[in-house]
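Colleague: Quick one, what's the 3D model for this:
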Amino acid sequence: MRRAARRDSNEPALVEAARAIGLKVFYTSELGDLLVQFGSVTELWEVKTETGKLTETQARMRQAGLRARLVRTVDDVLNARREMVGRAG
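Modeller: Numbers count the residues shown, from 1 in each chain. Below is the predicted model of the structure:
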């Protein structure tokens with residue numbers, strides 16, 4: 001079971017300021033399941049079962065332009081690694 005993350009008291013003001021100047025800010029608990037890195041390439045991964053659907057928040061993030069790689073199978077992981085190696089090279 002996940003516990004709610006403790007937030008710093010200045011976070012709401014900083015998030016508001018960042019959003020006010022056009023930055024896209026999402027709380028990490030809303031982002032995805034995994035932060036994956038290979039060399040200099042870092043990706044956010046959302047893990048779903050074969051039939052799993054994005055949550056409303058995840059769908060909104062995609063509409064806002066923030067992408068998390070959708071990973072459903074081991075083949076997806078292998079393909080992701082190939083792409084990440086290509087981008088890191």
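Colleague: what residue ranges in the chain score low on pLDDT?
Modeller: Along the chain, segments meeting pLDDT under 70 span 1-5.
Colleague: Of all the strand elements in it, which one is longest?
Modeller: strand 41-47 (DSSP state E).
Colleague: For whichever helix in the chain runs longest, output the C-alpha coordinates as CSV.
Modeller: With secondary structure taken from DSSP state H, the chain has its longest helix at helix 74-88. Taking C-alpha atoms only, helix 74-88 is exported to CSV below (Å, rounded to 0.1, in the frame of the first residue of the first chain):
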residue,chain,number,x,y,z
VAL,A,74,8.7,-7.8,-21.9
ASP,A,75,8.9,-7.2,-25.7
ASP,A,76,7.9,-3.5,-24.9
VAL,A,77,10.8,-3.3,-22.4
LEU,A,78,13.3,-4.7,-25.0
ASN,A,79,12.1,-2.3,-27.7
ALA,A,80,12.4,0.6,-25.2
ARG,A,81,15.9,-0.4,-24.4
ARG,A,82,16.8,-0.4,-28.1
GLU,A,83,15.4,3.0,-28.6
MET,A,84,17.0,4.4,-25.5
VAL,A,85,20.4,3.0,-26.6
GLY,A,86,20.0,4.7,-30.0
ARG,A,87,19.2,8.0,-28.3
ALA,A,88,22.0,7.7,-25.8
